[in-house]
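Asker: no sequence for this one, just the structure:
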């Protein structure tokens, strides 16, 4: 009689889940101003949101604010920044988010134009189902779920503008409720 370890028993009894294929990236359709960005990467690995300098110039977002930071790219090269642009309104379907973008002088990528990093995903209360290929975003009580295989038409998104300045409010007599339509 041969005594098998738990791992061997699980393999022999076919109790292990089947190995799945790589499903690719989560790409979203969004609008910044009147510009439709059809390939925005929802980047779980990035702690910042990134925009190429060429897109930044096309959007006419003014001058980037200087920032003292260097980014190490995937190929281990170091990339200095053009700056940061804060409080950019990004519309995804009917939801609008305020995002700060790091501006890099990089060539625009055909696969994805901007990266929406983890801070944006946290702001959007993103729930990502990798196996089901779905991503859900929410603002207040409004929630939208996207099937990554069935991206919507870019014509379903209307333009938004940029907030140039946000002032801090210390006290409010009454709460303010904002609804995006």
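Answerer: Yep, it's here. If you're wondering where the values come from, they're calculated on a predicted model, not measured in any experiment.

Asker: pLDDT weak spots in this structure?
Answerer: 1-14, 150-181 (pLDDT under 70).

Asker: Residue 121 and residue 28: what is the separation?
Answerer: Per C-beta to C-beta, to the nearest Å, residue 121 is found 10 Å from residue 28. Bear in mind the C-beta positions are built from the backbone N, C-alpha and C, glycine included.

Asker: Overlap in contacts, the two.
Answerer: residue 42 (C-beta atoms under 8 Å, 6 or more residues apart in numbering).

Asker: With neighbour numbers in mind, choose between those two.
Answerer: residue 28 (25 against 21; other C-beta atoms under 10 Å).

Asker: Look up how far residue 134 lies from the closest residue to the more buried one other than its chain neighbours.
Answerer: For residue 28, ignoring the flanking residues on the chain, the nearest one in space by C-beta to C-beta, 6 or more residues apart in numbering is residue 40 at 4.7 Å. From residue 40 across to residue 134, the span is 16 Å (C-beta to C-beta).

Asker: for the chain, which residue is closest to the average position?
Answerer: In the chain, the centroid-proximal residue (C-alpha atoms, centre = their mean) is residue 116; its distance is 2.6 Å.

Asker: which element is the residue nearest to residue 28 on?
Answerer: strand 35-42 (DSSP states H and E).

Asker: Show me what whichever helix or strand comes after that strand is in contact with.
Answerer: Sequence order places strand 49-52 as the next helix or strand after strand 35-42, per DSSP H and E. Residues external to strand 49-52 that are found in contact with it (C-beta under 8 Å, 6+ apart): 85, 99-109, 113-117, 119-120.

Asker: Looking at those residues, which are in strands?
Answerer: With DSSP state E as the criterion, strands contain 85, 99-104, 114-116 from among the contacts of strand 49-52.
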